[in-house]
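K.L.:
Okay, here's the prediction I keep looking at, along with the sequence it came from:
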Amino acid sequence: MKNKKNLLAVLFLILALILCSCSSGSSGLQDKADIIFRFYHSKAGDAKMLNDHYLLTTINRSLYGIDILTGKVKKYDIAADWLDIIPSEGIVVYSNAQFELGIARFDEDSNLTDNEIIFSNAHKADYMIDPAIVKVDDKYYVSMTFVDGNLNNGDSSKEDGKYTIRFYELTDLKSLTYISDVVSAQRNLEDVKITYSGGRLYLLFEKEVLDMANSAIQLSVSEDMGNSWNAPVTLLDSVADQEPSDFDKTADGWTLYYSSDIAAPGKTYNGASPYTASFDENLNLISKDVKIDLDSPVAGDDETKLKGGVLLYSVNTFGNEIFYVFSENHLSDDNICVSKVIQ
């Protein structure tokens, strides 16, 4: 009888753990992350980790590097508004308001070794934004978003621009070959991320009703290396202002990282918090709005506590450490922060 009671207790414990892991809502917090770096009033447009101590960010339309261990800041002679990185290779793709796409390369000591503009606005669009890069075997692929008309339209009385996400092969990191249009819509399509897994390309993006209003997070999938794309599927419905940051493959499916003002409707970036959503292999939703706790201060230093809303830029893993890069109160303070958790 005693063994049977012990067995029942174990079964109840396992069931409780399963229920917690499958919860929907903000009750299931991830491990607490310590805020290890803050750059006040940055006026940044984008930010991502190059490695476990070096942050690349776009400030006042220029590329900057910041050593988060020493606080040393370096400005590069590179015009940049948006960027994406392959950290393992030190490769950075960026675009700017001059309608240019550039490739910069950094060595293992975070030194800039090469920079080259490889593309100008051949499509003659009004804007060219949000480049994203992925490597598959020995080939590189890039997407860019072209906008004809209004960019980031937040006025319901005005017409949205036409956004088109285009996909290219990047040969020798020097030239682009057009492959296909992924998706086009008379809606704000932003924050593109590309992931490759199991012979498929996954292109993630935000689809806004209006800028800084409710938005859906959608995903297009290609099974033929970008030559054609399935119609976008909606991962998260348009119930809040939701900004995707990363879409990572896991052993059992997928994890989506994003920030959202779902707990503070209408307060957009300054009222947003960071969350995860989980999906199975077939992209069926398992859980959503599971809050990431970035508010754990470094021991004995209350100054590092979170000061406001979170716009999550990127999530990177180096070794057994996860780094979250985000803007704090983006519409007012715009402090660039890095939080870290050890797995």
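P.N.:
Received the coordinates, thanks. Residues are numbered from 1 along each chain as shown.

K.L.:
What ranges in the protein fall below the confidence cut-off?
P.N.:
For the chain, the stretches flagged by pLDDT under 70 are 1-31, 122-123, 153-156, 296-303.

K.L.:
Residue nearest the middle of it, spatially speaking?
P.N.:
Nearest to the geometric centre of the chain sits Ser245, at 1.9 Å (Cα atoms, centre = their mean).

K.L.:
For the closest residue to Lys48 other than its chain neighbours, give me the backbone phi and psi.
P.N.:
Once flanking residues are discounted, Lys48 sits nearest to Ser314: 4.4 Å by Cβ to Cβ, 6 or more residues apart in numbering. Using the backbone N, CA and C atoms, a C-beta is placed for each residue, glycine as well. Phi and psi for Ser314, reported as degrees, to the nearest 10, are phi -160, psi 160.

K.L.:
wait, doesn't Ser314 sit right on Val325?
P.N.:
Yes: using Cβ atoms under 8 Å, Ser314 is in contact with Val325, at 4.7 Å.

K.L.:
what sits in contact with each of those two?
P.N.:
Residues touching both Ser314 and Val325 by Cβ atoms under 8 Å, 6 or more residues apart in numbering: 47-49.

K.L.:
Just these: which are in strands?
P.N.:
Cross-referencing those against strands under DSSP state E gives 47-49.

K.L.:
Out of the shared contacts of Ser314 and Val325, which is nearest to Asp334?
P.N.:
Nearest to Asp334 among the shared contacts of Ser314 and Val325 is Ala47, at 10.6 Å by Cβ to Cβ.

K.L.:
The closest one: what's it in contact with?
P.N.:
Residues near Ala47 by Cβ under 8 Å, 6+ apart: 55-58, 313-314, 325, 327, 336.

K.L.:
Let's see that with 7 Å instead.
P.N.:
Contacts of Ala47 were listed using Cβ atoms under 7 Å, 6 or more residues apart in numbering, and they are 55, 57, 313, 325, 336.

K.L.:
Over to Leu283?
P.N.:
Leu283 touches 219, 233, 254, counting by Cβ under 7 Å, 6+ apart.

K.L.:
In JSON lines, list those along with distance to Gln186 and neighbour count.
P.N.:
Formatted as JSON lines, the contacts of Leu283 follow (distance: Cβ to Cβ, whole Å; neighbours: other Cβ atoms under 10 Å):
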{"residue": "Leu219", "distance to Gln186": "20", "neighbour count": "22"}
{"residue": "Val233", "distance to Gln186": "20", "neighbour count": "10"}
{"residue": "Trp254", "distance to Gln186": "29", "neighbour count": "22"}
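
K.L.:
what's the closest of the residues you listed to Gln98?
P.N.:
For the contacts of Leu283, the nearest to Gln98 is Leu219 (30.6 Å; Cβ to Cβ).

K.L.:
I'd guessed the closest one sits against Leu204; true?
P.N.:
Yes: Leu219 is within contact range of Leu204, at 5.3 Å (criterion: Cβ atoms under 7 Å).

K.L.:
which pair in the contacts of Ala47 spans the largest distance?
P.N.:
Leu55 and Tyr313 (9.9 Å).

K.L.:
Mutual contacts of those two, please.
P.N.:
Joint contacts of Leu55 and Tyr313 (Cβ under 7 Å, 6+ apart) are 47, 325.

K.L.:
which residues in the stretch 201-343 of the chain form strands?
P.N.:
Using DSSP state E, counting those that start in this stretch, the strands of the stretch 201-343 of the chain run over residues 215-222, 233-240, 242-249, 253-260, 273-280, 285-291, 310-318, 321-328, 335-342.

K.L.:
Partner strands of the third one, with direction?
P.N.:
The strands beside strand 242-249 in its sheet (DSSP bridges) come out as strand 253-260 (antiparallel).

K.L.:
before we move on, what about the longest one?
P.N.:
In the sheet containing strand 310-318, the strands it pairs with under DSSP bridges are strand 321-328 (antiparallel).

K.L.:
With the last one instead?
P.N.:
Each strand pairing with strand 335-342, determined using DSSP bridges, is listed with its direction: strand 34-39 (antiparallel), strand 321-328 (antiparallel).
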